[in-house]
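Chemist: pasting a predicted model and its sequence here:
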Amino acid sequence: MTGYNYDKFSTDDYEFEQVTGPAPGEKAPDFELTTPSGEKRRLLDFDGDFLVLEMGSITCPLFQSRRGIMGRLSEEFPGVASVVLYVREAHPGTAIPSHRDFEDKLNAARRLKDEDGEGRLILIDDFDGPAHRAYGSMPNAVFIINRNGCVVFRSDWNNPVATRKALAALVKGREMRIRSYFRPPTPASALRTLRRAGPGAAIDFFRGLPFLIWTNLIKRNLRLLLGRPPKLSRDTTC
């Protein structure tokens, strides 16, 4: 399969050198999405002062390595809504292949909830990923959105330490500039996730690993270090 739901991971499937989707200070796109039980929900129809939106799939090593920490953040900040947007499989293999239709995607999200014990609200994107693409198409990006529907924090690769710092500042009403540096998953977590996906997932991942290290661990982190993120707060309008 070609296009959005690829059969084999390739670095060509992602725009690692460009930033697309809403930047901090811009309006967050809204979508009607589906829960694992089949209920329809609007993404921006959330309770609390902020929405933490994380992209993920069961074959994404970075997402799987962050889930426990992100779940504890939800408990630490009870006035903050937390959502996982289930997107395409990051590293499909023979055991967990790419989605052939929406039913495949729905079943994968149900596995995340039932087998992996994901306690946050899971919202499932449409088969061709319109919501995922609108938010930049990265496999484990995270956004914080305020009650005005504005993005007040964005990280193309979720770094829970930076996400927590941003949440703590926003909840207290402080202006903040947070740099969210890329941190790779632990080797054990990556291997466990790829092994579960089945043959094909690991070889495709390791084939692209040198490029991923160069573009994310080195180049992206260097751009963050030298750049100056905008100063935003809980009351940001857009």
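Modeler: That came through fine. Residues are numbered from 1 along each chain as shown.
Chemist: give me the contact list for the worst-scoring helix or strand of the chain on mean pLDDT.
Modeler: Ranking every helix and strand in the chain by mean pLDDT, DSSP states H and E puts helix 221-226 at the bottom, with a mean of 89. For helix 221-226, contacts defined as Cβ atoms under 8 Å, 6 or more residues apart in numbering pick out 179, 180, 181, 182. (Glycine included, C-beta is placed from N, CA and C.)
Chemist: among these, name the buried ones.
Modeler: 180, 181, 182 (16 or more other Cβ atoms under 10 Å).
Chemist: of these, closest to residue 17?
Modeler: residue 182 (13.7 Å; Cβ to Cβ).
Chemist: please report how far residue 53 lies from residue 187.
Modeler: 28 Å (Cβ to Cβ, to the nearest Å).
Chemist: and if you look at residue 50?
Modeler: 33 Å.
Chemist: got it, and residue 145?
Modeler: Residue 145 is 33 Å from residue 187, where distance means Cβ to Cβ.
Chemist: who has more neighbours, these two?
Modeler: Per other Cβ atoms under 10 Å, whichever of residue 145 and residue 187 has more neighbours is residue 145, with 25 against 9.
Chemist: that one belongs to a strand?
Modeler: Yes. Assessed with DSSP: H, G, I helix; E, B strand; the rest coil, residue 145 lies in a strand.
Chemist: okay, and the beta partners of it?
Modeler: For residue 145, the beta-bridge partners are residue 51, residue 151 (DSSP bridges).
Chemist: residues touching it, list them.
Modeler: 28, 44, 50, 51, 53, 151, 152.
Chemist: any of those buried? List them.
Modeler: Counted by 16+ other Cβ under 10 Å, those give 28, 50, 51, 53, 151, 152 as buried.
Chemist: perfect, I'm done here.
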